[in-house]
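> coordinates only, sequence not included:
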């Protein structure tokens, strides 16, 4: 039995149509046993995942997510024991960075075929972001503090994005918001503490991305050497760099060539603490819930089984 959580609002509001016209007919043709669940508002996916796990007792759970990276992120918050889950992913989001790194097709029926027939189960790391004043969130792809999270936060409440999404132009929203946030960013200092070693001081931080996978933000290869099964966080720290140079450097990150610019630095750690002089927006897999000035990020090796391409 496959438990399938569907985010109807994914892919610019086409998630429900994709389910009804492509995925569900394919399941029926194959005689696959499944039970669908539909989210209606923020927080539903986490609650649905929690109920699925509770009702299954101690049995293994075959869970499929039809949505974006944010939908996967929300599901993870509701799963107390990820070792009981085998996750299948039908990516219908705007970024799909998890699918990009695992070579999962963005065509819904091809992704379903991968889950049911041609894919392989692999073990994948999970990250946990913990706030100094309490609370934590898991992430599958990346978490970040600063500029990238501020862009996500504004995009999530942008009315312009909803309109442009209807015409398949949602990425234009991110571009305009990114430019706005870049020039509005204030000089805030920070320190990185890697595996409890001597702190790395950053006089003016723009952002720090803590990544399990190579890609973030719809294809930015911020950490080209990231390996999602090595138990290590790859960091891309950006600070003490002019805003004009950032405009030139960021596009090179699509090819992973941004580290040639002074002020953009890679780090490796199993645990990182980030302390900022003022609160900054924080995201996990593009989901933004709050600001913080002190976070700790850790990596749990091979904590989730997911179905990916054999190649």
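Arrived safely, thanks for sending. The shown structure was predicted, so the numbers you read here are calculated from the model rather than taken from an experiment.
> Give me the buried stretch members for stretch 27-42, please.
For stretch 27-42, a neighbour-count test (16 or more other C-beta atoms under 10 Å) marks 27, 37-39 as buried. For the C-beta atoms, the positions are set from N, CA and C on the backbone; glycine is no exception.
> any residues touching it, and which ones?
Counting by C-beta atoms under 8 Å, 6 or more residues apart in numbering, the neighbours of stretch 27-42 from elsewhere in the structure are 1-9, 16, 19, 24, 45, 48, 52, 64, 67, 71, 112, 116.
> now do stretch 55-68
Counting contacts by C-beta under 8 Å, 6+ apart, the residues touching stretch 55-68 from outside are 1-7, 10-11, 15, 18-19, 23, 34, 39, 45, 49, 52-53, 71-72, 75, 84-96, 108, 115, 286.
> Drop anything exposed from the residues you listed.
A residue is treated as buried here by neighbour count (16+ other C-beta under 10 Å); on that basis the buried members of the contacts of stretch 55-68 are 2-7, 10-11, 15, 18-19, 23, 39, 45, 49, 52-53, 71-72, 75, 84-96, 108, 115, 286.
> These in strands, which ones?
For the buried ones among the contacts of stretch 55-68, the ones inside strands are 2-6, 85-91, with DSSP state E as the criterion.
> Dump those residues to JSON lines, plus pLDDT and distance to residue 271.
Output for these, formatted as JSON lines (pLDDT from 0 to 100; distance: C-beta to C-beta, whole Å):
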{"residue": "2", "pLDDT": "97", "distance to residue 271": "35"}
{"residue": "3", "pLDDT": "98", "distance to residue 271": "33"}
{"residue": "4", "pLDDT": "98", "distance to residue 271": "35"}
{"residue": "5", "pLDDT": "98", "distance to residue 271": "31"}
{"residue": "6", "pLDDT": "97", "distance to residue 271": "35"}
{"residue": "85", "pLDDT": "97", "distance to residue 271": "24"}
{"residue": "86", "pLDDT": "97", "distance to residue 271": "28"}
{"residue": "87", "pLDDT": "98", "distance to residue 271": "25"}
{"residue": "88", "pLDDT": "98", "distance to residue 271": "30"}
{"residue": "89", "pLDDT": "98", "distance to residue 271": "27"}
{"residue": "90", "pLDDT": "98", "distance to residue 271": "33"}
{"residue": "91", "pLDDT": "96", "distance to residue 271": "29"}
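> which among the buried residues of stretch 27-42 gets closest to residue 308?
Minimum distance to residue 308 across the buried residues of stretch 27-42 is 20.0 Å, recorded for residue 27 (C-beta to C-beta).
> Helices along the stretch 51-200 of the chain, start to end?
For the stretch 51-200 of the chain, helices defined by DSSP state H, counting those that start in this stretch occupy the ranges 69-77, 97-102, 108-113, 147-156, 159-165, 170-184.
> Among those, which comes closest to residue 224?
Taking C-beta to C-beta, helix 97-102 is the member of these nearest to residue 224, at 10.9 Å.
> average pLDDT across the closest one?
The average of the pLDDT scores along helix 97-102 is 94.
> what helices or strands is it leaning on?
helix 69-77, strand 85-91 (3 or more C-beta pairs under 8 Å, 6 or more residues apart in numbering; DSSP states H and E).
> Mind doing that once more with 10 Å?
The criterion is 3 or more C-beta pairs under 10 Å, 6 or more residues apart in numbering; DSSP states H and E, and the helices and strands that helix 97-102 contacts are helix 69-77, strand 85-91, strand 120-131, strand 287-308.
> Kindly reformat the ones you listed as a markdown table and extend each row with distance to residue 232.
Rendered in a markdown table, the data for the helices and strands packed on helix 97-102 read as follows (distance: least, C-beta to C-beta, whole Å):
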| stretch | distance to residue 232 |
| --- | --- |
| helix 69-77 | 19 |
| strand 85-91 | 21 |
| strand 120-131 | 8 |
| strand 287-308 | 6 |
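> Now flag whichever of the buried residues of stretch 27-42 is closest to residue 227.
Proximity of the buried residues of stretch 27-42 to residue 227 (C-beta to C-beta) peaks at residue 39, which lies at 31.4 Å.
> Student question: in the chain, what's the helix or strand with minimum average pLDDT?
Lowest by mean pLDDT, DSSP states H and E among the helices and strands of the chain is helix 159-165, with a mean of 53.
> low pLDDT regions in the stretch 201-311 of the chain?
Scanning the stretch 201-311 of the chain for pLDDT under 70 picks out nothing.
> Perfect, I'm done here.
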